[in-house]
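Asker: can't give you the sequence, but here's the structure:
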């Protein structure tokens, strides 16, 4: 499930005959539940809206799902090899890594060769 950039994971509880879910993109814990798909979807949206409103009332910024930046620690030799691949392709290291990861995830292309 997706809403306003946030992702929800849903599980069905056979004993309770109830769907329950959790928002995955936050440090805070936000859950929701429903007995039907429609009820579950509305509860998910309401939970996100309530979270954003709560943050506004406290004058805090809501957690954003992802900033688009992350740090990866690798060995100097791997860093060098990646740099060379990027230069050989005519791209910056950042652009080459971004393109390569996008191809892996979106297009399911073969990995670094």
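Answerer: Noted; the coordinates are in hand. Just so it is clear, the model here is predicted, and its values are computed rather than measured. Numbering: from 1, shown residues only.

Asker: mind listing the helices for the chain?
Answerer: 37-57, 76-89, 93-106 (DSSP state H).

Asker: Confidence-wise, which of those is weakest overall?
Answerer: Note on the helices of the chain: helix 93-106 shows the lowest mean pLDDT, a mean of 90.

Asker: now the angle between helix 76-89 and it, please.
Answerer: 90 degrees (axes from the mean of the first three to the mean of the last three Cα atoms, to 10 degrees).

Asker: packing partners for helix 93-106?
Answerer: helix 76-89 (3 or more Cβ pairs under 8 Å, 6 or more residues apart in numbering; DSSP states H and E). For every residue, glycine as well, the C-beta is placed using N, CA and C.

Asker: what's the helix it packs on packed up against?
Answerer: Packed against helix 76-89 by the contact rule (3+ Cβ pairs under 8 Å, 6+ apart) you find helix 93-106.

Asker: So for the helix it packs on, what gets flagged as buried?
Answerer: By neighbour count on 16 or more other Cβ atoms under 10 Å, the buried set for helix 93-106 is 96, 97, 100.

Asker: Pretty sure the first one sits against residue 86.
Answerer: So the one you mean is residue 96. Yes. Between residue 96 and residue 86 a contact is recorded at 3.6 Å, counting by Cβ atoms under 8 Å.
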